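Asker: what follows is a predicted protein model with its sequence.
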Amino acid sequence: MTKATQSLLEAEGLHTYYGDSHILHGIDIHIEPGETVSLMGRNGMGKTTTLRSIIGLTPARQGTITLRGKDVSKLSAHQIIRQGIAFVPEDRGIFPNLTVLENLTMAARVGPYGRDEWNLQRVLDLFPRLGERLSNMGNQLSGGEQQMLTIARGLMTNPDLIILDEATEGLAPLIRLEIWVVIRHIKATGIASIIVDKDINALLPICDRNYILNKGEVVYHGRSRELMENPELHKQFLGV
Ligand SMILES: Nc1ncnc2c1ncn2[C@@H]1O[C@H](COP(=O)(O)OP(=O)(O)OP(=O)(O)O)[C@@H](O)[C@H]1O
């Protein structure tokens, strides 16, 4: 059967290893253009490894990654990212010895399909705090500001998909709220997202669909409403 629309991203049958340790056991995930999707699961179940496999940082030994119908499985992480993906890793990864302004401007580019609405002014409108910190070095920022800078830097690349690993981990409650507002805004602009976060109550209302991983396998995927109405699944796979 042919699908009406082409998925933005399809990961099929991913098997990923660290050395001899077999971590992902045939992960299947797809994302449609503009969709917001969560990856949930207890610690160590393979969420970060799935994200890293999707963008080629820890390439899967088996399986395929397709972006807009094009097989990118053999491409390097750098080449995959250039296809319109912004990755916001758990450890942020901003340049500590560059200023906020430099971190932002060095990322600036037009998206692979011509998306160009994100520029310095627009990201500063979304993150006014960064505007007050433009001349500060990356390593002078608070954890929340670093996370904002990482997201802002990703937006400067005009992505079609933004991947956030532990979107609000370790941040103060008010900053977390700000990040969720930003994620809603990003969603409203039509950029697709994959989000990993422990705050299920924040994730579910924002996400269209959700995947639960357990020991490197997808054990559930479904719409947020279905997951909200199924506390058994929470207990079984999320430990809440
Ligand atoms: N660099 C590595 N070398 C060896 N094993 C690793 C490495 N990174 C992760 N693992 C193992 O792979 C498994 C999956 O880890 P992963 O970080 O993908 O899980 P996660 O669901 O993202 O968990 P967390 O919420 O704790 O980050 C875990 O058992 C972890 O110990």
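Answerer: All right, it came through fine. For clarity, every value in this text was computed on a predicted model and none was experimentally measured.
Asker: so where's the protein uncertain?
Answerer: By pLDDT under 70, the low-scoring segments of the chain are 1-5, 240.
Asker: around the ligand, which positions in this structure sit nearby?
Answerer: 18, 21, 23, 41, 43, 44, 45, 46, 47, 48, 49 (CB under 6 Å from any ligand atom). The way it works is simple: take the backbone N, C-alpha and C, and place the C-beta from them, glycine included.
Asker: do that again at 8 Å, thanks
Answerer: Residues of the chain lying near the ligand by CB under 8 Å from any ligand atom: 18-19, 21, 23, 39, 41-52, 58, 90, 165-166, 196, 198, 213, 216.
Asker: the strands in this protein, which residues?
Answerer: Using DSSP state E, the strands of the chain run over residues 9-18, 21-31, 36-40, 62-67, 70-71, 85-88, 161-164, 192-196, 209-214, 217-223.
Asker: longest helix of the chain?
Answerer: Longest helix in the chain, counting residues (DSSP state H): helix 173-188.
Asker: so which bits of that one are buried?
Answerer: Buried residues in helix 173-188, counted by 16 or more other CB atoms under 10 Å: 175, 176, 178, 179, 180, 182, 183, 186, 187.
Asker: ditto for stretch 121-141
Answerer: For stretch 121-141, by 16+ other CB under 10 Å, it's 123, 124, 126, 127, 129, 130, 133, 137, 138, 141.
Asker: cool, stretch 137-154 as well?
Answerer: 137-138, 141, 144-154.
Asker: and for stretch 158-171?
Answerer: Buried residues in stretch 158-171, counting neighbours by 16+ other CB under 10 Å, are found at 158, 159, 160, 161, 162, 163, 164, 165, 166, 167, 168, 171.
Asker: over to stretch 221-234?
Answerer: Buried residues in stretch 221-234 (16+ other CB under 10 Å): 221, 224, 227, 233.
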